[in-house]
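K.L.:
Provided below for reference: sequence and predicted model.
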Amino acid sequence: MNARNAPWCHWNGDYLILNLRVQPKACHNEITGLQGNHLKLRIAASAARGKANQELVRFLAKLFEVPQNRITVLRGITSRVKQVRIDCPQRIPSAFPTRAKD
């Protein structure tokens, strides 16, 4: 995955914005790669009653080492295509761009 100038990921100040395509009811949580302009994730929870969104937030919080309340689903609560904001991530996985220095 090339994160430079990625349409699926960008910084807005201290916020990391991700464009995701989420597949619920997977065997386990994982990032599977790119699908068009979205980063594809598999989440091990069903979409019923918002469980997939809750599991997505838990997965991203662990991945970026932030409390769950720093993850916000901006768009796509009921859709597989989502936009998510991560406030001040403490860890940036290697597939993601680092924030530009001021």
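P.N.:
Cool, got the structure.
K.L.:
Do you have the helices of the chain handy? List them.
P.N.:
Using DSSP state H, the helices found in the chain span residues 51-64.
K.L.:
longest strand of it?
P.N.:
Scanning the chain for the strand with the most residues, using DSSP state E, yields strand 15-23.
K.L.:
what pairs with that strand, and is each one parallel or antiparallel?
P.N.:
Strand 15-23 has the following strand partners under DSSP bridges: strand 9-12 (antiparallel), strand 38-42 (parallel), strand 81-87 (antiparallel).
K.L.:
Give me the buried positions along the longest one.
P.N.:
Spelled out, that is strand 81-87. For strand 81-87, the buried set under the neighbour-count rule, 16 or more other CB atoms under 10 Å, comprises 82-84, 86. All C-beta atoms are positioned from the backbone trio N, CA, C, and that covers glycine.
K.L.:
what would these look like in CSV with distance to Gly36 and pLDDT?
P.N.:
Putting the buried residues of strand 81-87 into CSV (distance: CB to CB, whole Å; pLDDT from 0 to 100) gives the following:
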residue, distance to Gly36, pLDDT
Lys82, 14, 97
Gln83, 14, 98
Val84, 16, 98
Ile86, 21, 97
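K.L.:
what's the closest of those residues to Ser94?
P.N.:
Ile86 (15.8 Å; CB to CB).
K.L.:
which residues touch the closest one?
P.N.:
By CB atoms under 8 Å, 6 or more residues apart in numbering, the contact set of Ile86 is 15-18, 60, 64, 66, 70-71.
K.L.:
nearest to Thr98, of those residues?
P.N.:
Once CB to CB is applied, the member of the contacts of Ile86 that ends up nearest Thr98 is Leu16, at 9.9 Å.
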